[in-house]
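In: attaching a predicted model along with its sequence, questions to come.
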Amino acid sequence: MRTASRALALACLVAAALPAQKSLEQLVDELGGTDAGLRAQAYNDLIRRRDPEIVALLGKRLESMPADGHQFALYLLQQQLFDTTRPVYMKLLGSDWPKLRTAAAARLVVAGEKERVPVLCKALDELPTAERSSVLSFLYSLEDARLHEILRSWLAADAPQHLVINVLEHLERSERTRSKATLAAVRALAANQESKGRLAALAWIAAEADGEGAANELAKALTAEPQTFWQLDRLFERARKYPKVLAPVFEKALRTARSQHDVPSLVALVRTHSPESLVEALRSLLTEGAEAARKGALAELATMAGGLDSKDLQTMLAGNDPEPKLAAADVLRRRDDLSGLPAALALAKVEGKHRAEAARVLGGFRERSVVPVLIDCLDAPDAQVRQNAWTALQQLMRDLFPYRRFDFAKCGYEPNAADRSAGVLTLRTWWQSVQ
């Protein structure tokens, strides 16, 4: 009884120490408030809870929310079953806010109520320019000529460039092939020297068979202001062949990539248009590029014949930056060179954002010295380190002991468990027994 009483008392103390969960009403109030931080947190909490009761609360409050809360509220409605949200959408068809009418009509049309298309078209016509980009996601799966005509009308001379880009991307997907009407609208935009979205129009036309003139103008503008490329990069498609004049533009963009996520699409463009400069451009990223882009460059070079030679890799291995050291160790290991193992082992023992990658890289080394380090990583504070070490350890054990099975499912370890000590001890004990 004493044990049970103590457990109950402890549970009460823990519960008292934890912050009380906010009610749905409180979260909806914060969603419709003026504090941007509270609004974002309320949205995250509501998404996580996915409570159907949110539908009725949003139905009562949505129209009175400030415009900044509308997008969050509409996304929350999309997470719920349509049958439960339909009454809210029907109510929003009469809203004073064109954006809310647009979202409601679009959702009803997506659900099969084609008779709502005229209401949707009217709402789209009344949308302020500043809100047009934000409704395109609601139209994603709709392929209707009337809607396309309205979207083409948004490609006006005074349309901001980001809106032009978003509309062109949307039309590219929904029309499937470039229609004559859309091409005519884009050509008109490109011909207007005063249009705000002219460069986006030129980028779109440059992919056409007769796009050399547009490509020349675009190349001249992007050479004068290279940073403008990053406003247009989504319009350049990997699979398309562009006029040669754009090849230096693509190469320059690759050399100045902002992050590892920029690299693959630019590599594809440079490989298509000036393959002879690809390796050199990627190498320049390793020494002169943004730190965030180096990982992408390393990944690409590692797959290319002659992309990284042994001297390059040993230089990276001798440096102080953990990311290049781990990448070099990984590439060398795939070439049956284990000289990077000591560096990977050392980095896996040190806390930092690199440690998860170190655990992953170690999983490729079929060496007994790796096992104790990975076992230590199983109790690291970072959940990604623990998960990577757990995955790597299982693969490594199978490689080291192909005829001696260890039942990982029964060892009692779970990377996200609150108390992992028993599982780690089991694994450590087993490892010591096989030495």
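Out: That came through fine.
In: give me the below-cutoff pLDDT ranges for this structure.
Out: Applying pLDDT under 70 to the chain flags the ranges 1-20, 403-407, 409-410.
In: the nearest residue to residue 238 once chain neighbours are set aside - how many residues pack around it?
Out: Distance criterion Cβ to Cβ, 6 or more residues apart in numbering; nearest residue to residue 238, sequence neighbours excluded, is residue 268 at 3.9 Å. For every residue, glycine as well, the C-beta is placed using N, CA and C. Residue 268 has 16 neighbours, counted by other Cβ atoms under 10 Å.
In: helix or strand for residue 268, which one?
Out: Residue 268 is part of helix 263-273 when elements are defined by DSSP states H and E.
In: got a list of contacts for that helix?
Out: Here helix 263-273 makes contact (Cβ atoms under 8 Å, 6 or more residues apart in numbering) with 233, 236, 238, 241-242, 244, 246-247, 250-251, 253-254, 257, 277-278, 281-282, 285, 293, 296-297, 299-300.
In: buried set for that helix?
Out: 263, 265, 266, 267, 268, 269, 270, 271, 272, 273 (16 or more other Cβ atoms under 10 Å).
In: next secondary structure element downstream of the longest helix along the chain?
Out: The longest helix of the chain (DSSP state H) is helix 383-400. Later in the chain than helix 383-400, the nearest helix or strand by DSSP H and E is helix 421-433.
In: which secondary structure elements does that following helix contact?
Out: Using 3 or more Cβ pairs under 8 Å, 6 or more residues apart in numbering; DSSP states H and E as the contact test, the elements touching helix 421-433 are helix 370-377.
In: how distant is the helix it packs on from the center of its chain?
Out: 31 Å (Cα atoms, centre = their mean, to the nearest Å).
In: what does it contact?
Out: 341, 345, 348-349, 355, 359, 362-363, 385-386, 388-389, 392-393, 396-397, 400, 424, 427-428, 431.
In: could you rerun that using 6 Å?
Out: Residues from elsewhere that reach helix 370-377, judged by Cβ atoms under 6 Å, 6 or more residues apart in numbering: 345, 348, 359, 362, 385, 389, 392, 393, 427, 428, 431.
In: same check on stretch 383-394?
Out: 355, 356, 359, 360, 362, 363, 374, 377, 378, 380, 408, 415.
In: residues in contact with the first one?
Out: Meaning residue 355. residue 385.
In: next up, phi/psi of it, please.
Out: Main-chain torsions, residue 355, degrees, to the nearest 10: phi -60, psi -40.
In: weed out the non-buried ones from the contacts of stretch 383-394.
Out: Buried subset of the contacts of stretch 383-394 (neighbour count, 16+ other Cβ under 10 Å): 355, 356, 359, 360, 362, 363, 374, 377, 378, 380, 415.
In: check the gap between the third one and residue 344 for me.
Out: Here the criterion is Cβ to Cβ, to the nearest Å. By it, residue 359 lies 9 Å from residue 344.
In: can you check the second one too?
Out: Residue 356 sits 13 Å away from residue 344, going by Cβ to Cβ.
In: just checking, residue 57 touches residue 28?
Out: Yes: Residue 57 lies in contact with residue 28 (Cβ atoms under 6 Å); the separation is 4.7 Å.
In: of those two, who's got more company?
Out: Comparing residue 57 with residue 28 by other Cβ under 10 Å, the one with more neighbours is residue 28, at 25 against 20.
In: ok, back up a step: export the buried ones among the contacts of stretch 383-394 to CSV and tack on distance to residue 80?
Out: Below are those laid out as CSV (distance: Cβ to Cβ, whole Å):
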residue, distance to residue 80
355, 40
356, 35
359, 39
360, 38
362, 44
363, 41
374, 43
377, 40
378, 39
380, 38
415, 32
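In: which of the contacts of stretch 383-394 sit farthest apart?
Out: Greatest spatial distance among the contacts of stretch 383-394 (Cβ to Cβ): 355 and 408, at 21.5 Å.
In: hang on, the earlier thing: whichever of the contacts of helix 263-273 end up buried, select them in PyMOL.
Out: Those of the contacts of helix 263-273 that count as buried under 16+ other Cβ under 10 Å are selected in PyMOL with:
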select buried, resi 233+236+242+246+247+250+251+253+254+257+277+278+281+282+285+293+296+297+299+300
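In: counting only helices, which of the contacts of helix 263-273 make the cut?
Out: Using DSSP H, 247, 250-251, 253-254, 278, 281-282, 285, 293, 296-297, 299-300 are the members of those that sit in helices.
In: pull the most distant pair out of those residues.
Out: Across the ones in helices among the contacts of helix 263-273 (Cβ to Cβ), the longest gap, 22.8 Å, separates 247 and 299.
In: please enumerate residues in contact with stretch 420-431?
Out: 371, 375, 378, 379, 411, 412, 413.
In: what would those look like in CSV with distance to residue 315?
Out: Formatted as CSV, the contacts of stretch 420-431 follow (distance: Cβ to Cβ, whole Å):
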residue, distance to residue 315
371, 30
375, 32
378, 33
379, 34
411, 41
412, 44
413, 39
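In: out of these, which is nearest to residue 65?
Out: residue 379 (45.3 Å).
In: what sits against the closest one?
Out: Going by Cβ under 6 Å, 6+ apart, residue 379 touches 420, 424.
In: and it, helix, strand or coil?
Out: coil (DSSP: H, G, I helix; E, B strand; the rest coil).
In: from residue 370, how far off is it?
Out: As for residue 379, its distance to residue 370 is 17 Å (criterion: Cβ to Cβ).
In: and what of residue 209?
Out: The gap separating residue 209 from residue 370 is 56 Å, by Cβ to Cβ.
In: ok, these two, which is more surrounded?
Out: Counted by other Cβ under 10 Å, residue 209 and residue 370 do not tie: residue 370 has more neighbours, with 23 against 5.
In: number of nearby residues for residue 224?
Out: 8.
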